[in-house]
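structure, please.
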Amino acid sequence: MTLKLYYHPLSSFCHKAIIALYENGTPFEPVLVNLGDAESSRDLRRLWPLAKFPVLRDDARDCTVAEATTIIEYLDVYYPGATKLLPADAQGAWQARMWDRFYDNYVHIQMQKIVGDNLRPPGAGDAFGVEQAKTTIRTAYGMIDAMMAGKNWAVNETYGLVDCAASPALFYASLAVPFDPAQRHLRDYFERLTARPSYARVLREAEPYFNMFPMSVKPALPGAKERL
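Have a look, this model is predicted:
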């Protein structure tokens, strides 16, 4: 098979890339990587010594593509499907890139700071940094709630790059910083994202790994009564 995706089912940034592949039914070979196992991660480290996933390998074009956003743009150009993930018009394209960075920098990475704090040795936590991250996420939630008023999807009312970015960012961030019940537009947007067949499939495939999530509040498939 031409395309191989090196990934882990629990990884939020991997979710972002896989959504794009499933959205257009793009054939690929999933290569599950355990970074704690030298043999399992050998090929990934050879392709991308930083050993950060997702990484897409395209043997047909002899290209190694790292970072979820770049993978999505690469697929949109070289393996296009029915869903155009980056707007063709210049106005929509810059807006999509800006909001994609917004979700990665101000929701996604902030969420990872909070989760990562649970992996620190005893006495080495960063309570101040965690509170800063939560404040940033809450500010982002308010912006998203305002942005999504009267809209279904983030840019040009067409599902695309920003929605791929928003899906795992909000799914995991909501475990650490629950949505304000008053932010109806944010909550409705999140429900649309998790109901999208491409992301619903990603979450079903990730479910067996949810117990590995390093927080007391564990992920659950949408529709579950609570997350434990």
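
which one is residue 199 nearest to, not counting chain neighbours?
Leaving out its chain neighbours, the residue that sits closest to residue 199 by CB to CB, 6 or more residues apart in numbering is residue 167, at 4.7 Å. (Each C-beta comes from the backbone N, C-alpha and C, glycine too.)

starting at the chain centroid, how far to the helix or strand hosting that neighbour?
Using DSSP states H and E, residue 167 falls within helix 161-176. Here the centre of helix 161-176 is set off from its chain's centre by 6 Å, with CA atoms, centre = their mean, to the nearest Å.

mind listing the strands for this structure?
In the chain, the segments counted as strands under DSSP state E are 3-7, 29-32, 55-58, 63-66.

can you list the strands that the third one pairs with?
Strand 55-58 has these partner strands in its sheet, going by DSSP bridges: strand 3-7 (antiparallel), strand 63-66 (antiparallel).

what's near enough to touch residue 64?
Applying CB atoms under 8 Å, 6 or more residues apart in numbering to residue 64 gives the contacts 47, 48, 55, 56, 57, 58.

closest to residue 157 out of the residues you listed?
Here the nearest of the contacts of residue 64 to residue 157, counting by CB to CB, is residue 56; it sits at 28.0 Å.

can you redo the strands of the chain as CSV with mean pLDDT and distance to residue 134?
Formatted as CSV, those follow (pLDDT from 0 to 100; distance: least, CB to CB, whole Å):
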stretch, mean pLDDT, distance to residue 134
strand 3-7, 98, 28
strand 29-32, 97, 31
strand 55-58, 98, 30
strand 63-66, 98, 29
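
ends of stretch 107-124, how far apart?
Taking CA to CA, to the nearest Å, stretch 107-124 runs 23 Å from one end to the other.

in it, what's buried?
Of the residues in stretch 107-124, 107, 108, 109, 110, 111, 112, 113, 114, 115, 117 count as buried by neighbour count, 16 or more other CB atoms under 10 Å.

got the contact list for the last one?
For residue 117, the set of contacting residues under the criterion of CB under 8 Å, 6+ apart consists of 125, 126, 127, 129, 130.
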